[in-house]
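*Asks:* need a structure here:
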Amino acid sequence: MRKRISDMTPADKAAFLESVKRSMLLEYGVKWEEMERKIQDNIDATFDDERFVKMSPDDQIDAAFARKEFGKEKPSLVDFLLWSGKFVTHSDVVEW
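*Replies:* Modelled structure (predicted):
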């Protein structure tokens with residue numbers, strides 16, 4: 001399926017997340033649980049002022065863009081994944 005992020009329903013987001021989980025294992029050989037911990041840690045560091053200042057300069061740049069996008073509200077894991085894809089590809093269209 002292919003949709004703009006802004007048009008995705010909660011069911012679309014759930015299907016997207018399931019697709020990501022399958023992809024991690026099939027394409028990269030990484031268990032989702034391991035990747036989920038890393039992504040959630042990145043989200044937590046991005047939105048924690050004390051951890052943010054301890055990030056590498058490159059990571060701080062990416063984190064600053066995330067903070068600008070989401071404000072003070074920490075996004076859900078799936079919303080962060082969708083935003084990350086948009087940030088990297090410069091496209092608000094997602095395919096899963």
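
*Asks:* so where do the helices sit in the protein?
*Replies:* Remark: helices assigned in the chain by DSSP state H are 10-28, 32-46, 49-52, 57-70, 77-89.

*Asks:* Including distance to residue 96, could those helices go into TSV?
*Replies:* Any C-beta I mention is one placed from the backbone N, CA and C, and that applies to glycine too. Converted to TSV, those look like this (distance: least, C-beta to C-beta, whole Å):
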stretch	distance to residue 96
helix 10-28	4
helix 32-46	15
helix 49-52	30
helix 57-70	21
helix 77-89	10
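
*Asks:* quick one, which of the ones you listed is packed in tightest?
*Replies:* helix 77-89 (a mean of 16; mean count of other C-beta atoms under 10 Å).

*Asks:* mind checking how far the residue most central in space within the chain is from residue 15?
*Replies:* In the chain, the centroid-proximal residue (C-alpha atoms, centre = their mean) is residue 81; its distance is 2.2 Å. Relative to residue 15, residue 81 is positioned 13 Å away (C-beta to C-beta, to the nearest Å).
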